[in-house]
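Engineer: Provided below are the primary sequence and the corresponding predicted coordinates.
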Amino acid sequence: MRRIETALISVADKRGVAELANELIAFGIEILSTGGTAKLLREAGISVTDIAEYTASPEMMDGRVKTLHPKIHGGILARRGQDDQVMTEHGIKPFGLVVVNLYPFEQTIAKPGCTLAEGIENIDVGGPTMVRAAAKNYRDVGIVVDPDDYALIIAAMKKGGGTLDAAHRFALALKAFAHTADYDAAITAYLESQAAASEFPACVSIRLHKKQDLRYGENPHQGAGFYLEADPPSGSIASAEQVQGKALSYNNIADANAAIECV
């Protein structure tokens, strides 16, 4: 495990990012960031280098192009001990931590009156590219896509003396690929809804998120998990909150759902 020396932070959801950056600075980690995130961090008194300054290439096309640069993706994808000479030749920093979350596409298209053009502009390109690159290179890079994971990451780094162990990096990579897959599925579903094509699309993506593990499946020897659609209807088992009692089983959920349908 190598100590993390440089982190790249570019987030649409800025919850907790200043607190995270402060912790990274305490480890002696240099932070590179994009426009909006860099501005927020500076306002919080945190030292940060603009990606445009590092790459010597300004953000352009209203922000459509800002991180698509070899000095960014080389630093993310570089294999330590194998690509070191190339990095030195081109002045590429090795990023040990990448903190990225994506444009709020679903929140945008959910707004009343959202046009197709507005939806298209909120399709993130650079973000998913960085996420996938970091996840692919998880052996050397930690990729964080969820602000709810910041505290866990800092705790792991404190335990590891400024490093993230292989198990953490692999788990983060798995979550990152799931994140980009879900993002792409949302875009596909939206574009299908805007197309004047057949009512039966060529590809259907089913997006389900795990709510909880179940006590057992249809039979006691079977494992099971309870998965929800992205926006489950109110008045359903999917949107209900369990306030007491032991963990549910598959049969508990099926029976309770049948009771609701009867009512």
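Structural biologist: That came in fine, so what should we check first?
Engineer: hey, where'd the helices end up in the stretch 51-200 of the chain?
Structural biologist: When secondary structure is read from DSSP state H, counting those that start in this stretch, the stretch 51-200 of the chain shows helices at 51-55, 70-77, 84-90, 105-109, 116-121, 126-136, 150-159, 166-194.
Engineer: what does the first one contact?
Structural biologist: By that I understand helix 51-55. For helix 51-55, contacts defined as Cβ atoms under 8 Å, 6 or more residues apart in numbering pick out 8, 10, 32-35, 38, 58-59, 66-67, 69, 71-72, 93. Using the backbone N, CA and C atoms, a C-beta is placed for each residue, glycine as well.
Engineer: If you count neighbours, what's buried in it?
Structural biologist: Across helix 51-55, burial judged by 16 or more other Cβ atoms under 10 Å covers Ile51, Ala52, Tyr54, Thr55.
Engineer: Check the second one too.
Structural biologist: Buried residues in helix 70-77, counted by 16+ other Cβ under 10 Å: Lys71, Ile72, His73, Gly74, Gly75, Ile76, Leu77.
Engineer: The third one too?
Structural biologist: Residues Met87 are the ones in helix 84-90 that count as buried (16+ other Cβ under 10 Å).
Engineer: helices or strands up against it?
Structural biologist: For helix 84-90, the packing partners by 3 or more Cβ pairs under 8 Å, 6 or more residues apart in numbering; DSSP states H and E come out as helix 70-77.
Engineer: who touches the helix it packs on?
Structural biologist: For helix 70-77, the external contacting residues (Cβ under 8 Å, 6+ apart) are 6, 8, 51, 54-55, 83, 86-87, 90-95, 98, 129-130, 133-134, 136-137, 141.
Engineer: got it, and stretch 250-263?
Structural biologist: Leu214, Arg215, Tyr216, Gly217, Glu218, Gln222, Ala224, Phe226, Gly235, Ser236, Ile237.
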